[in-house]
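1. Just the structure for this:
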Amino acid sequence: MTDTGENSAQIRGFALYVGIDESSAEEAGTSIAAVLATLRKTVDDAVPGAESHAAVAYAPSHQRGKNLDIVRLALREPRAVAELLPSRPEQKSGVSIDISRKKVGINSETAPLTYKEFELLQFLVLREVVTVDRADIIYALWSKSDVDRPNNRTIDVHVRRLRSKIEPFDDIIRTVRGIGYRFDRHADVTIHYGTGRSPDIF
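-> Predicted coordinates for the structure are as follows:
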């Protein structure tokens with residue numbers, strides 16, 4: 001007796017993966033298009049009105065492997081993906097800010113921050129959710145004798161460069177119009193302070 005309840009599982013169709021290249025089809029006196037047409041006619045003859053969809057898998061001519069395996073992989077057949085593709089280590093996503101080691105990781109890759117860019121990020125991180133005035137940033141991170149000491153306008157250029165290196169998580173540095181900048185942590189951000197406290201914490 002067949003269960004016809006709402007929660008019963010029923011077969012609704014099937015997928016047939018066929019490994020044939022054009023040269024093999026030509027040697028057999030046919031073509032892939034002709035084989036597809038024959039298969040569709042067979043299905044329609046067996047079950048008139050049955051819907052069908054054909055997807056052709058392309059691969060570079062130099063790609064090694066059985067035609068059938070290449071087709072299954074190209075069409076992302078779950079078992080083929082699990083059995084034939086090499087397993088990859090799980091990638092950690094998000095931002096990791098290591099204050100003690102002065103390193104920033106973006107999706108497990110080290111962000112190429114300069115020393116000054118890390119100082120700028122650290123300055124904001126250690127004042128989390130506090131809006132910091134541009135002048136305070138300049139006073140804290142640049143001495144008056146620095147040749148490249150920015151002013152209130154050019155500090156925006158430094159922030160923009162920093163943001164470009166922590167994409168796509170650049171929104172952790174918020175602009176507060178008319179005042180300055182603020183660090184906003186979200187769920188993708190991890191901060192490591194190390195064993196000691198930074199003298200920059202207040």
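
2. For the rest of this, base every contact and every neighbour count on C-alpha atoms.
-> Will do.

3. Residue ranges of each domain in this structure, please.
-> The chain breaks down by automatic domain parsing into domains covering 22-84, 95-192.

4. Just name the most buried of the ones you listed.
-> Highest mean neighbour count of the domains of the chain: domain 95-192, a mean of 16 (counted as mean count of other Cα atoms under 10 Å).

5. Give me the distance between that domain and the centre of its chain.
-> Computed by Cα atoms, centre = their mean, to the nearest Å, the chain-centroid distance of domain 95-192 equals 23 Å.

6. if we can go back for a sec, in terms of mean pLDDT, which of the domains of the chain ranks lowest?
-> Of all these, the minimum mean pLDDT falls on domain 22-84 (a mean of 82).

7. picking up where we left off before, tabulate the domains of the chain (CSV), appending distance to residue 11.
-> What follows is the domains of the chain, written out as CSV (distance: least, Cα to Cα, whole Å):
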stretch, distance to residue 11
domain 22-84, 14
domain 95-192, 41
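
8. wait, which of those is closest to residue 9?
-> domain 22-84 (19.5 Å; Cα to Cα).

9. Quick check: end-to-end length of the closest one?
-> End-to-end span of domain 22-84 (Cα to Cα, to the nearest Å): 24 Å.

10. how near is the residue nearest to residue 103 when sequence neighbours are not counted to residue 164?
-> Leaving aside its sequence neighbours, residue 103 sits nearest to residue 97 (Cα to Cα, 6 or more residues apart in numbering; 6.2 Å). Per Cα to Cα, residue 97 is found 16 Å from residue 164.

11. What of residue 23?
-> For residue 23, the distance to residue 164 equals 50 Å [Cα to Cα].

12. What of residue 17?
-> Going from residue 17 to residue 164 by Cα to Cα gives 45 Å.

13. picking that back up, partner strands of whatever helix or strand the residue nearest to residue 103 lives in, parallel or antiparallel?
-> Secondary-structure assignment from DSSP states H and E places residue 97 in strand 95-98. In the sheet, strand 95-98 lines up against strand 103-106 (antiparallel), strand 189-192 (parallel) (DSSP bridges).

14. and those strands as TSV, adding distance to residue 10?
-> Listed next are the strands paired with strand 95-98 as TSV, based on distance: least, Cα to Cα, whole Å:
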stretch	distance to residue 10
strand 103-106	45
strand 189-192	45
